[in-house]
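> I would like to see how this sequence folds:
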Amino acid sequence: MSDPKAVTDRCLQAWGARDAEAFADCYAEDATIVVPGGVELRGRDGARQFLAIWAEGIPDNELTVTHEYVCGSVVIQQAVFSGTHTGGLMAPSGQVIPATGRSLSVPYADVFEVEGDRITSDRLYFDQVELLTQLGLMPDAAAAAS
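Numbers count the residues shown, from 1 in each chain. Modelled structure (predicted):
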């Protein structure tokens, strides 16, 4: 029997090291990665692309897991993505958002399904409005209301 948490831990470590090959190796060849904005990436090439998008746009990014739940082959992580937007960040539309120089700290949840020693499904959830607001690309709702 595999250890799903060990697989996601390996994935986090590869992300932190910006090791695209080790990150991609955490995913099955037919894995799906679904992210906000209607984006669905596939397999190890999709995993490489996903890491590259965030490493390019926010090269100093850090993932801080605050809660983690394991139930059978499913791992759920609540975490915070933080860093500084100093590079071009690709939006779901394919448009590149130029660097704003702004720091951000966005909570997210990630649901992984693991089979053997690979992730077969990765569903990421985060508030896109919160991300865009912190980048200065949308007005702060509280400030706009006053």
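
> for the chain, longest strand please?
The strand that spans the most residues within the chain, counting by DSSP state E, is strand 103-115.

> that one packs against which elements?
Helices and strands touching strand 103-115, by 3 or more C-beta pairs under 8 Å, 6 or more residues apart in numbering; DSSP states H and E, are helix 4-17, strand 74-84, strand 118-126, helix 128-134. For glycine as for every other residue, the C-beta is placed from the backbone atoms N, C-alpha and C.

> and Ser82, what does it touch?
Ser82 is in contact with Asn61, Glu62, Thr64, Ser103, Leu104, Ser105, Val106, counting by C-beta atoms under 8 Å, 6 or more residues apart in numbering.

> err, Val35, not the other one
So Val35 contacts Leu41, Phe50, Pro92, Leu124 (C-beta under 8 Å, 6+ apart).

> from these, which has minimum pLDDT?
Among those, Pro92 carries the weakest pLDDT, at 90.

> that one touches Pro36, doesn't it?
Yes: between Pro92 and Pro36 there is a contact at 7.2 Å, judged by C-beta atoms under 8 Å.

> what's the spacing between Phe81 and Asp25?
22 Å (C-beta to C-beta, to the nearest Å).

> tell me the centre residue of this protein?
The centroid of the chain falls nearest to Leu124 when counting by C-alpha atoms, centre = their mean (6.5 Å).

> so what's that one closest to, chain neighbours aside?
Val35 (4.7 Å; C-beta to C-beta, 6 or more residues apart in numbering).

> okay, and the beta partners of the one you found?
Taking DSSP bridges, one finds Val39 as the beta-bridge partners of Val35.

> equivalent analysis for Ser82, please.
Under the criterion used (DSSP bridges), Ser82 bridges to Glu62, Ser105.

> mind checking how far Ser73 is from Val7?
Taken as C-beta to C-beta, the span from Ser73 to Val7 is 10 Å.
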